[in-house]
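Student: predicted model and sequence below, questions to follow.
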Amino acid sequence: MLKQFWVVVNIFIDRDTLGFILCHADLKMKNNLLRKIKSFDITTEQWMILNRLFEEPGINQKELSERTLKDQGSLTRTLDRMEKKGLVQRQINPTDRRSFLIYLTDEGYALRDRIVPIAVECIEDAVKGFTEEEVDTLVALLKKLILNL
């Protein structure tokens, strides 16, 4: 049993494994974006929420949690901070008064517009030297990996 444990531990520590490489790539991409948006007083998680609300205004917190891959408690705390910054507003759901619909404020829209070019630049940084076909293949393979899990 102990041997199996160390095999699993080594799989996650070995820098040539898929798991380590995926985690490392995710961390590098988030840190690159965070460095570039730090002056806007926003985190990468808040950016993801801003972007999702731009694409789907008025979704409820449960749906937002699912679409941003955040647990509901963490999302609630993040939305509280964003609401204090004036970036989002919650409105009582008229069809279910127990839930809220989340919207970007004008400030939220303006901030998103300022950050979009920076986010695009970060993605371009990540795929520098890739052909368009390689990027398409990478995206397709990662989507396939996600579906397998």
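Tutor: Looks like it came in fine.
Student: in which helix or strand would I find the residue lying closest to L75 once chain neighbours are set aside?
Tutor: On the basis of CB to CB, 6 or more residues apart in numbering, the spatially nearest residue to L75 that is not a chain neighbour turns out to be S65, at 4.7 Å. (Each C-beta comes from the backbone N, C-alpha and C, glycine too.) Mapping S65 onto the secondary structure by DSSP states H and E places it in helix 61-68.
Student: now swap in I102 and tell me
Tutor: Secondary-structure assignment from DSSP H and E places I102 in strand 96-104.
Student: mind listing what's buried along that strand?
Tutor: Judged by neighbour count (16 or more other CB atoms under 10 Å), strand 96-104 contains these buried residues: F100, L101, I102, L104.
Student: so how far is stretch 51-64 off the chain centroid?
Tutor: With CA atoms, centre = their mean, to the nearest Å as the basis, stretch 51-64 stands 13 Å off its chain's centre.
Student: let me fix that: stretch 108-125
Tutor: Taking the mean of its C-alpha atoms, stretch 108-125 sits 13 Å from the chain's own mean (CA atoms, centre = their mean).
Student: next: stretch 36-44.
Tutor: Taking CA atoms, centre = their mean, the mean C-alpha location of stretch 36-44 is offset from the chain mean by 14 Å.
Student: what distance separates the start and the end of that stretch?
Tutor: Across its full length, stretch 36-44 reaches 10 Å between end residues, using CA to CA, to the nearest Å.
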